[in-house]
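[1] next come a sequence and a model predicted from it.
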Amino acid sequence: MPEIAPPHPDSELGIARTPIPYRADLPANGLTARTGLIFYVHGYGEDFDSPYSSKLRRYLADRYDCVVVTVDYFGADCYRSGVVKPGPNFFVNINTHFGMSLTIPKGMDPIIPMNLALDELCRRGVTGLPNDVVLIREGAQYNSFGLLPALDHLQVLHRCLQDYPIDRSRLFLLGTSYGGYIGLLLNKLAPNTFRLIIDNAGFSSPEDDYISVYGCLGGRYRGVSVSAFNAKRFSQDPKSLNFFSPGCAAIRELRNKAHYTTSQTLVVSYHSATDTVASLERKQDLHRLLAAIQPSSLTVVGEADLDGRLFKTLDHGMLASMRGLFERSYDRWEALALTAMTDTDFDLESELLFDCVESYYSVRFSWEDGVQLVIIPKSG
């Protein structure tokens, strides 16, 4: 399996990084002068090389004459793996709420009595734990909320442009949920690179998902609904070294017009009218901004649009067909004849400077070195 090593360093929290694995499927008939590239960017907790992703890659590669790539981007692993341990005062609070006193022999791994307690609570019919009874998931990654995943995709793109004779006028991205947000963030960070970005139910701002920014994973464990937190995560405490500062929020905010330049990238978004996860109002604000600087469209999906094929529900993500969304969006792109862009930000060696409250985020592209993010504190 190919991988990027070393990956871009974590410029914000300084967490050690491991190589970035990715998969790339080529068209069955081989590469042509028109062979493009498609990223499929999955959402929280999904596997970049799942049977679904593999099947989608092969389909898109053959249908659209593209190298189709999925990336095991930073942060995906914190939703899939890692040892789950009891959080602070777990056993004290379990006793307070449920009268369950546990004696833990010296030297015993606390995971053992934690699992016994959860199994007993499940047997008693307890379906969820109070907010002060939390679990901690240990692991090497955290939710960078888009920034490191965006850099990961740019690094993989840089490698693919070197490895394959890709037609630079046909660089596409299809993202769903968190993957849609990553795609929209790439539209801001690399405005001269992608020709079509398709966003299905993506976020528009950290305001959409502060729970995940601060490392809350949640879900069910041993049959009980729990509050779980990633051991490595951003903090709400301004005194903490891992504080999610106003600058951290600003670089991830998509609705700041000062962060954009005019672009030929077509951005196509689809969003449920009743989405309770990613704000439709913020997505509409974003597209009003984009309409002034680049071709874009937002389709708000309502009850009348549920056809059982393209859109199946009004829940977040709409159980939308990724094949169908790409087909519909690609047809729009072809109709606009947006093929004039033949250079990427790597070819142009672009340098972008984003004013982010207490600091500047500098993003530099180079054909030789790829992409580099540097955070420059403001003086005074």
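    On my side now, so go ahead.
[2] burial count for Thr265?
    As a burial measure, Thr265 scores 24 neighbours (other C-beta atoms under 10 Å). For the C-beta atoms, the positions are set from N, CA and C on the backbone; glycine is no exception.
[3] doesn't Asn187 make contact with it?
    Yes. At 5.8 Å, Thr265 counts as touching Asn187 under the criterion of C-beta atoms under 8 Å.
[4] low-confidence regions, the chain specifically.
    Along the chain, the model assigns pLDDT under 70 to residues 80-82, 337-340, 380.
[5] let me see the domain layout of it.
    If you go by automatic domain parsing, the domain ranges for the chain are 3-79+144-205+253-343, 84-137+217-230.
[6] circling back to that earlier point, which residues do Thr265 and Asn187 both contact?
    Residues touching both Thr265 and Asn187 (C-beta atoms under 8 Å, 6 or more residues apart in numbering): 194, 197.
[7] my read is Val363 is in a helix, agree?
    No. Read with DSSP: H, G, I helix; E, B strand; the rest coil, Val363 is strand and lies in no helix.
[8] so which of the domains of the chain is nearest Phe243?
    domain 3-79+144-205+253-343 (9.7 Å; C-beta to C-beta).
[9] what about the helices in the stretch 51-200 of the chain?
    For the stretch 51-200 of the chain, the helices defined by DSSP state H, counting those that start in this stretch cover 51-64, 90-98, 111-123, 147-163, 178-189.
[10] just name the most buried of those.
    helix 178-189 (a mean of 27; mean count of other C-beta atoms under 10 Å).
[11] contacts for it next, please.
    Residues outside helix 178-189 that contact it (C-beta under 8 Å, 6+ apart): 39-44, 73, 146-147, 149-150, 153-154, 173-175, 193-194, 197-204, 208, 252, 254, 259-260, 263, 265, 267, 269, 278, 286, 352, 363.
[12] mind giving me the ChimeraX select for those residues, buried ones only?
    Restricted to buried positions by 16 or more other C-beta atoms under 10 Å, the ChimeraX selection for those reads:
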select :39,40,41,42,43,44,73,146,147,149,150,153,154,173,174,175,193,194,197,198,199,200,201,202,203,204,208,252,254,259,260,263,265,267,269,278,286,352,363
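[13] doesn't Asp343 make contact with Leu161?
    No. Using C-beta under 8 Å, Leu161 and Asp343 do not qualify as a contacting pair, with a distance of 11.0 Å.
[14] need the overlap of contacts for those two.
    Common neighbours of Leu161 and Asp343 (C-beta under 8 Å, 6+ apart) are Arg168.
[15] so how far is stretch 325-338 off the chain centroid?
    Its chain's C-alpha centre and that of stretch 325-338 lie 23 Å apart, by C-alpha atoms, centre = their mean, to the nearest Å.
[16] which outside residues touch it?
    Residues from elsewhere that reach stretch 325-338, judged by C-beta under 8 Å, 6+ apart: 38, 60, 64, 172, 174, 195-196, 198, 200, 264, 266, 268, 270, 295, 297, 310.
[17] quick check: the two most widely separated of the residues you listed?
    Pairwise distances across the contacts of stretch 325-338 (C-beta to C-beta) peak at 26.5 Å, for the pair Gln264 and Leu310.
[18] all the strands of the stretch 151-300 of the chain, residue numbers only.
    Using DSSP state E, counting those that start in this stretch, the strands of the stretch 151-300 of the chain run over residues 171-176, 196-200, 220-221, 224-225, 227-230, 266-272, 296-301.
[19] got TSV for these, with distance to Leu325 too?
    As requested, those are exported to TSV (distance: least, C-beta to C-beta, whole Å):
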stretch	distance to Leu325
strand 171-176	7
strand 196-200	6
strand 220-221	30
strand 224-225	32
strand 227-230	30
strand 266-272	6
strand 296-301	10
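[20] what's the most buried one of those?
    Buried most deeply of those, by mean count of other C-beta under 10 Å, is strand 196-200, with a mean of 29.
[21] out of the contacts of stretch 325-338, the closest to Gly14 would be?
    Proximity of the contacts of stretch 325-338 to Gly14 (C-beta to C-beta) peaks at Leu174, which lies at 31.9 Å.
[22] I'd say the closest one and Ser321 touch.
    No. Applying C-beta under 8 Å as the test, Leu174 and Ser321 come out as separate, 11.2 Å apart.
[23] hey, what's in contact with both of these two?
    In contact with both Leu174 and Ser321: no residue, using C-beta under 8 Å, 6+ apart.
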